[in-house]
Structure formats: structure tokens, C-alpha cells
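> give me the fold of what follows.
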Amino acid sequence: MLRVASTSVRYKPLETIFAQGDRCAGVMYIRKGRVKLTVTSHGGREAVVGILKAGAFFGEGALAGQRRRRATAETMTGSTITIVETGEMRRRMHEDVVLSDWFRSHLLARNNRIEADLVDQLFNSSEKRLARALLLLAHFDEHQSPRHALPRISRDLLAEMIGATRSRVDVLMNRFRKLGFLERYSEQDGGLQVHCSMLSVVLRD
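Numbering: from 1, shown residues only. You can find the predicted model right below:
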């Protein structure tokens, strides 16, 4: 689908793709793997602002004239990242209607996700925020099976994602297991699966 002049780079797990403050040199596309986006305040406080999977763009601020990266991008797993120079991406989007529509759909979906995340952080309990994060990480919306494999992810990262403490995440994860929302599976994908019944936590008033 991404038929543009580009460079593909393989990254190991936990490797930095670009750091906050780096020069914006292009747009990134995840061919394989997962990427974490974080922002660090002047006081040194770090916040997770995105967990992206294969098929997602990031670093697209370069197309809007952004000169410096506003976030740090780090791989969570071994990943293959395609890098398209800003000028090339602009040129191809102008010439290729299919590419332009595809990229626009990505931006709209990302915007909807950001709005949902903001509402989640402002109004929902930590229990509901964690349930939603686990369902999203397990790609719950992509298939209809009752159980969905959860990727290997630390509880510290989960705590950062939902704005809670590690101890609070521990309590909630144990509660979810006792209620049958999380099930032991195997060492594959971190050894946990999310059951579709987890939706009851997200939909609860």
C-alpha cells in the first residue's frame, strides 16, 4: 500500500527510533512490531501518549511544518519501520489519491482515539481505564473470538498509560483474574489472554 520512495529499518526491542527534540526528517510507518510514544516534561516527568501497532503512521507532524519531534518513539518489540522523507510524502500524497485517502483515514482514526483517551483520563475510574487499555492492546476490535492474546507489557508501563500507580495496577490485574476477565494461557504473548467479558467493565455506568 505504501508505494513511495522509502527506507526500511529493523529495530531491536526497546530501541529508540527518535527522541523528543530531534529534527523532524520524515514520516514513519510501522510494517512490523509495536512502538511506544512518550513525552517528557521540563521537570523530567514522563507520560505515555501512544501505543502503536503494525499499520500505523507516526511522526506525521513533519508534514505540518513541525521541525522538532515532540515525543520520543521507542520500540516495544522487534520492529520494522519504514521512513519516508517529508518532501517525498507530500509529493506522493498530492499525486496519489488512494495514498492521500488512506493517510487521511489514519489521521481521522488517530484523532478519534486521542479524543476517546482524553475522555477516558478525565472521567473514568482507574479500573475502567485499565480495562479499556487491555482491550485495545489485545486488538479486541479486530476479531470476534472470545479470547484475545495480550502482548508482553510491564505493569509499570500499564500504570503510565492509565495514570495510576503500579500498586493500583497490581490490585486491578489480580481482581480481573479472579473475575475471569484475564486468563493464563502460555508463555506466548506474555502468557495472558483478555476475555470478551472484560467489556462489561468498560460499558459499566
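> now for the helix or strand Ser200 falls within, which elements pack on it?
With secondary structure defined by DSSP states H and E, Ser200 is part of helix 199-203. If contacts are counted by 3 or more Cβ pairs under 8 Å, 6 or more residues apart in numbering; DSSP states H and E, helix 199-203 sits against helix 126-137. Quick note: C-beta positions are derived from backbone N, CA and C, even for glycine.
> returning to what we had before: list the buried residues for the helix holding Ser200?
By 16 or more other Cβ atoms under 10 Å, the buried positions in helix 199-203 come out as 201-202.
> try stretch 30-41
For stretch 30-41, the neighbour count (16+ other Cβ under 10 Å) marks 30, 32-38 as buried.
> kindly report the same for stretch 21-28.
For stretch 21-28, a neighbour-count test (16+ other Cβ under 10 Å) marks 24, 26-28 as buried.
> measure that stretch end to end?
One end of stretch 21-28 sits 16 Å from the other (Cα to Cα, to the nearest Å).
> give me the contact list for that stretch.
Stretch 21-28 is touched from outside by 17, 35, 57-63, 66-69, 73, 81-86, 88-89, with contacts defined as Cβ atoms under 8 Å, 6 or more residues apart in numbering.
> poorly predicted segments of this structure, please.
Residue ranges of the chain with pLDDT under 70: 1-2, 141-144, 186-190, 205.
> who's sitting farthest from the centroid in it?
Glu95 (29.4 Å; Cα atoms, centre = their mean).
> related to what we said a few turns ago, just how off-centre is the helix holding Ser200 within its chain?
With Cα atoms, centre = their mean, to the nearest Å as the basis, helix 199-203 stands 20 Å off its chain's centre.
> equivalent analysis for stretch 148-168, please.
In terms of Cα atoms, centre = their mean, the centre of stretch 148-168 is found 13 Å from the chain centre.
> what does stretch 46-65 give?
With Cα atoms, centre = their mean as the basis, stretch 46-65 stands 8 Å off its chain's centre.
> how about the most centrally placed residue in the chain, what does it touch?
The centroid of the chain falls nearest to Ile51 when counting by Cα atoms, centre = their mean (1.6 Å). Contacts for Ile51 (Cβ under 8 Å, 6+ apart) come out as 34-37, 76, 136-137, 161.
> take those residues and keep only those in helices.
Under the assignment DSSP state H, the contacts of Ile51 contribute 136-137, 161 to helices.
> for the residue nearest to the centre of the chain, list each beta-bridge partner.
Beta bridges link Ile51 to Lys36, judged by DSSP bridges.
> Leu122 - how many residues pack around it?
Other residues within reach of Leu122, judged by other Cβ atoms under 10 Å, total 7.
> how close does it get to Arg129?
Distance, Leu122 to Arg129, by Cβ to Cβ, to the nearest Å: 10 Å.
> with adjacent residues omitted, what lies nearest to Ala138?
Nearest non-adjacent residue to Ala138, counting by Cβ to Cβ, 6 or more residues apart in numbering: His148, 3.7 Å away.
> so what touches whatever helix or strand the one you found lives in?
If you go by DSSP H and E, His148 is part of strand 147-150. Under the criterion Cβ under 8 Å, 6+ apart, residues 134-135, 137-140, 182-183, 185, 188-190, 192-196 lie in contact with strand 147-150.
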